[in-house]
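Asks: Show me how the following folds:
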Amino acid sequence: MTNTEREKVVTLLKNYQSYKYAVDNYMSESSYTLSVSKLDFAPRNGSYGSREPGVLTHSCEQDAADYRMYSRLVHMIEGALKTLSDVEYEIIHYKWMKGWTLKEIEVRKNYGTDSTKAIHRRALEKLAICFMFTEPADILPMQGRRVPGETQEAFA
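Replies: Below is the predicted model:
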């Protein structure tokens with residue numbers, strides 16, 4: 001496995017929980033956006049009569065595109081993790097998703113040093129094959145995204 005392949009696998013694994021949270025949060029925010037609390041009852045054209053409520057949303061096309069990309073990555077990572085044996089999965093999970101060192105995994109799980117390193121290497125090689133046609137998402141700054149009630153300076 002090349003360093004580039006390893007870096008790609010590690011980046012995807014390290015970012016998995018963030019991708020997953022973003023996808024879950026987008027879904028819950030989307031349903032909140034459609035709730036009555038986000039309806040706009042302001043009068044039209046300066047008149048004082050009531051009007052049809054319109055949904056106010058902070059979502060934009062970039063949000064939707066990011067959601068689709070993150071959803072695809074979450075699906076790909078979860079599928080790739082299913083190709084690992086239980087021990088391979090456990091080592092990858094603790095190392096890259098929980099931030100443990102290989103030494104901590106050896107001690108806490110009572111694994112041998114050489115076997116832990118070998119299993120870890122084998123698992124990364126399997127994942128590199130799984131992620132052959134997958135690239136990590138570029139995390140874009142909030143610049144240019146409109147959030148209701150907030151100014152862009154708040155994010156600077």
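Asks: name the element residue 90 belongs to?
Replies: Element membership for residue 90, per DSSP states H and E: helix 86-92.
Asks: list the buried ones in the next helix or strand after that helix?
Replies: Sequence-wise, the next helix or strand downstream of helix 86-92 (DSSP H and E) is helix 102-109. For helix 102-109, the neighbour count (16 or more other CB atoms under 10 Å) marks 102, 105-106 as buried. Using the backbone N, CA and C atoms, a C-beta is placed for each residue, glycine as well.
Asks: Distance check, the closest residue to residue 100 other than its chain neighbours against residue 62.
Replies: Distances taken as CB to CB, 6 or more residues apart in numbering put residue 94 closest to residue 100, at 4.4 Å, once the chain neighbours are dropped. Using CB to CB, to the nearest Å, one gets 34 Å for the distance from residue 94 to residue 62.
Asks: can you give me the helices in this protein?
Replies: 3-33, 61-81, 86-92, 102-109, 113-130 (DSSP state H).
Asks: quick one: low-confidence ranges for the chain?
Replies: 28-59, 139-156 (pLDDT under 70).
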